[in-house]
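[1] sequence plus the predicted model coming up.
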Amino acid sequence: MIRLPPRLPSIAVTSQSHVRLADIRHKLPKRPTPAAVIFDFDGVVAHRTEEQIYRLPETQGEIKKLKNIAQKIDLAHELYDLKYLRHLILQEILLKMSKSIEPGPFLTMAKDLDDHNIPYFILTARSGIAAITRLIQFLKIHQLRPQECFCVGRVAKGRQIQLVRAAVGAGTIMYIDDSERHVANSFRQIDPETLTLHVKWDVSNVLENAKELYQSCMTWADKFIIPASDRAA
């Protein structure tokens, strides 16, 4: 069980939330304008649905099917556990389907930062080529201008936050993430002038949407990736 730090600032969101900079400034000490903001991507700037697919429990026969798909798209499945293999394959399929990433609750805030010339960064666990390609497409569609995108899959994010702190210097930095694991790990590594904000989702609807999206991707794979002879085996 992940233990979050006591008195950690948080904000509750749903699929309909549109969080603005003004909505969270009261969470900053003395309410200053932040010197920089670091956003997680999935569940923050983007919707949580695709990340929720990563969290789904394994189903019967799933690993065999994923390995079969991986072989067809030249992905070395032996390098990954089931959940990350699922994520990589999902992103490859969504890219082939030309499906855009759904906006998240902090997209509006990112646009506010652009309007006010406040620097911000994307710090995401997306690291597969298809996942990064779709992220860049999202930024272009919504005309977002982050300073940098750090794609650091399967590792803690604290070191990257320290790098931004060193580059920015003095002033309050906001780090906004919906992952309890990343929030807890990063909170222990960052300085007092970096404010961590935990995004708390109502996942009741997100879970069903995630299951439906994953199933539609697997159905698409059956039709366009896996030969009929393999499906019958």
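    It's in.
[2] domains of this structure: list them as residue ranges, please.
    Domain assignment for the chain by automatic domain parsing gives 10-47+104-202, 51-99+207-232.
[3] gap between the two ends of the first one?
    Looking back up the chat, that one is domain 10-47+104-202. End-to-end distance for domain 10-47+104-202, by Cα to Cα, to the nearest Å: 13 Å.
[4] how far off centre is that domain?
    10 Å (Cα atoms, centre = their mean, to the nearest Å).
[5] show me what contacts the nearest residue to Lys67 once chain neighbours are set aside?
    Leaving aside its chain neighbours, Lys67 sits nearest to His77 (4.8 Å; criterion: Cβ to Cβ, 6 or more residues apart in numbering). All C-beta atoms are positioned from the backbone trio N, CA, C, and that covers glycine. Going by Cβ atoms under 8 Å, 6 or more residues apart in numbering, His77 touches Leu66, Lys67, Ala70, Gln71, Leu85.
[6] can you do 7 Å?
    Leu66, Lys67, Ala70, Leu85 (Cβ atoms under 7 Å, 6 or more residues apart in numbering).
[7] how about low-confidence regions in this protein?
    1-7, 28-31, 187-190, 227-233 (pLDDT under 70).
[8] where do the strands sit along it?
    10-13, 36-39, 120-124, 149-151, 173-177, 194-201 (DSSP state E).
[9] which stretches of the protein form helices?
    Secondary structure of the chain by DSSP state H: the helices cover 21-24, 49-55, 62-72, 82-96, 107-115, 129-141, 158-168, 180-187, 204-224, 228-232.
[10] among these, which comes closest to Phe41?
    helix 129-141 (6.3 Å; Cβ to Cβ).
[11] so which residue is smack in the middle of the chain?
    Centroid-nearest residue in the chain, with Cα atoms, centre = their mean: Asp42, separated by 2.2 Å.
[12] can you name the residues bridging to that one?
    Applying DSSP bridges to Asp42 gives these bridge partners: Ala46.
[13] just checking, it touches Glu51?
    Yes. Counting by Cβ atoms under 7 Å, Glu51 is a contact partner of Asp42 at 3.8 Å.
[14] phi and psi next, for the closest residue to Pro105 other than its chain neighbours.
    Distances taken as Cβ to Cβ, 6+ apart put Ser17 closest to Pro105, at 3.8 Å, once the chain neighbours are dropped. Reported as degrees, to the nearest 10, the phi and psi values for Ser17 are phi -70, psi 140.
[15] list the contacts for Val19?
    Contacts of Val19 by Cβ under 7 Å, 6+ apart are Ile11, Val13, Pro105, Phe106, Thr108, Met109.
[16] okay, now the second one: neighbour count?
    Here the neighbour count serves as a burial measure; for Val13 (other Cβ atoms under 10 Å) it reads 20.
[17] not counting its neighbours along the chain, what's nearest it?
    Pro105 is the one closest to Val13 (Cβ to Cβ, 6+ apart), at 4.2 Å.
[18] and that neighbour, how close does it get to Ile132?
    22 Å (Cβ to Cβ, to the nearest Å).
[19] over to Ile122?
    11 Å.
[20] and the two? Which one has more around it.
    Taking neighbours as other Cβ under 10 Å, Ile122 and Ile132 compare with Ile122 leading, 23 against 16.
[21] who does that one form a beta bridge with?
    In beta-bridge terms (that is, DSSP bridges), Ile122 pairs with Phe39, Cys149.
[22] check contacts around it.
    Phe39, Phe41, Val45, Pro146, Cys149, Phe150.
[23] fine by me, we can end here.
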